[in-house]
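When you get a sec, could you give me coordinates for this:
(one chain, ligands or ions: 2)
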Amino acid sequence: MSKKLPVAVLGATGRMGSEAVKAVEAAPDLELVAALGRTGSLQTLVSAGAQYVVDLTVPDSTEANVRFAVEHGMHAVVGTTGWDAGRLQRLEELLAEHPETGVLIAPNFALGSVLASAFAAKAAPYFESVEIVELHHPDKVDAPSGTAARTAELIAAARSDAGTGPSPDATTTELPGARGADVSGVRVHSVRLRGLVAHQEVLLGGPGEQLTIRHDSYDRASFMPGVLLGLREVAAHPGLTVGLDGYLNLNA
Ligand SMILES: NC(=O)C1=CN([C@@H]2O[C@H](COP(=O)(O)OP(=O)(O)OC[C@H]3O[C@@H](n4cnc5c(N)ncnc54)[C@H](OP(=O)(O)O)[C@@H]3O)[C@@H](O)[C@H]2O)C=CC1
Ligand SMILES: O=C(O)C1=N[C@H](C(=O)O)C[C@H](O)C1
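Residues are numbered from 1 along each chain as shown. Ligands and ions are numbered 1, 2, ... in the order given. Predicted coordinates for the structure are as follows:
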């Protein structure tokens, strides 16, 4: 059997990180060499011989973590939110100096979610109106979700490519927030409710009809096949990949 891939998990004490630790430990081709919580030192990654890093921390720390990994020749699989255009631009510049290193930024590791976003982008040019409702557990620190932001961007790009106009909206008076956040011209509404894990609906409306594309993660186990796929594929995809769909052949 070929050598196991040495993996470090950052955010290992968290909801996602603790699940990722178990998934890596259970994978026959991966070896967990480090598992860090908030207080762990990144130097541990070097002394432990990590070549692959999974980042499941917080928006405030993820950029520095990934930077450290790339500067030390480690591939990174990143699920943490907060990767705006400026951060992605800086990461691409860094990766240009490390052309053999791969980074995957995956707003959502669940296969069903990745497919739902792709289906929504495919459908979006054919409907007059589109809005997104994302629903999560109330311990989530960011809104809207990274998945919703990514879905909105994919939808906006598909509508722009097809020459579809903006969703109609006659609102002239509103309480702040009543119409949700505007992400690339798509309204995104965030629900936070005890009992939920991670859920999203894309609502597409045309005259006399509605198409709803919904995905539900009921358990964080749903994200683990995507994390493992990311680890197994990231070295074969040097540079920056945004979205697990970059490793899937969705057009086949
Ligand atoms: N891509 C995907 O499919 C998914 C992505 N996510 C995203 O993953 C991230 C983590 O989510 P979740 O596990 O629910 O969050 P948690 O709050 O449960 O876990 C966060 C982890 O980050 C650590 N941490 C906190 N602050 C810092 C810091 N300043 N520096 C380094 N580490 C820190 C925490 O350590 P400590 O315990 O010591 O505080 C903990 O281990 C979020 O951005 C979330 O949106 C979540 C689910 C799926
Ligand atoms: O914080 C979470 O829980 C999740 N975060 C990611 C996001 O913001 O999209 C992925 C998933 O929705 C769960």
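
residue nearest the centroid of this structure?
residue 107 (0.7 Å; C-alpha atoms, centre = their mean).

List phi and psi for it.
phi -60, psi -30 (degrees, to the nearest 10).

Residue 36 now?
Residue torsions, per degrees, to the nearest 10, at residue 36 are phi -110, psi 140.

Any residues of the stretch 1-150 of the chain in contact with ligand 2? List them.
The stretch 1-150 of the chain has residues 81, 107-108, 136, 140, 145-147 near ligand 2, with proximity defined as C-beta under 6 Å from any ligand atom. To be clear about C-beta, it is placed using only N, CA and C from the backbone, and glycine gets the same treatment.

For residue 17, what is the enclosing helix or strand?
Here residue 17 sits within helix 15-26, counting by DSSP states H and E.

ok, that helix near ligand 1 or not?
Yes: contact of helix 15-26 with ligand 1 (C-beta under 6 Å from any ligand atom) involves 15-17.

Any of those buried? List them.
Neighbour counting by 16 or more other C-beta atoms under 10 Å classes 16-17 among the residues of helix 15-26 next to ligand 1 as buried.

Show me which of the residues of helix 15-26 next to ligand 1 is closest to residue 243.
Taking C-beta to C-beta as the measure, residue 243 lies nearest residue 16 of the residues of helix 15-26 next to ligand 1, at 17.4 Å.

List the residues that contact that closest one.
By C-beta atoms under 8 Å, 6 or more residues apart in numbering, residue 16 lies in contact with 56, 79, 220, 223.

before we move on, back to that, for the helix holding residue 17, the distance to its chain's centre please.
Distance of helix 15-26 from the chain centroid (C-alpha atoms, centre = their mean, to the nearest Å) equals 17 Å.

any idea of the mean pLDDT in it?
Averaged over helix 15-26, pLDDT sits at 98.

buried ones in it?
For helix 15-26, burial by neighbour count (16+ other C-beta under 10 Å) applies to 16-21, 23-24.

Not counting sequence-adjacent ones, nearest residue to residue 62?
Nearest non-adjacent residue to residue 62, counting by C-beta to C-beta, 6 or more residues apart in numbering: residue 80, 3.9 Å away.

just checking, that neighbour is part of a helix?
No: going by DSSP: H, G, I helix; E, B strand; the rest coil, the assignment for residue 80 is coil, not a helix.

ok, now which ones touch it?
With contacts defined as C-beta under 8 Å, 6+ apart, the neighbours of residue 80 are 11, 55-59, 61-62.

let's go with 6 Å and repeat that
55, 57, 62 (C-beta atoms under 6 Å, 6 or more residues apart in numbering).

Show the buried residues in those.
When these are checked for burial by 16+ other C-beta under 10 Å, the buried set is 55, 57, 62.

Who does whatever residue of the stretch 151-252 of the chain ends up closest to ligand 2 form a beta bridge with?
Closest to ligand 2 within the stretch 151-252 of the chain is residue 198: 3.6 Å, counting by C-beta to the nearest ligand atom. Using DSSP bridges, the bridge partners assigned to residue 198 are residue 136, residue 217.
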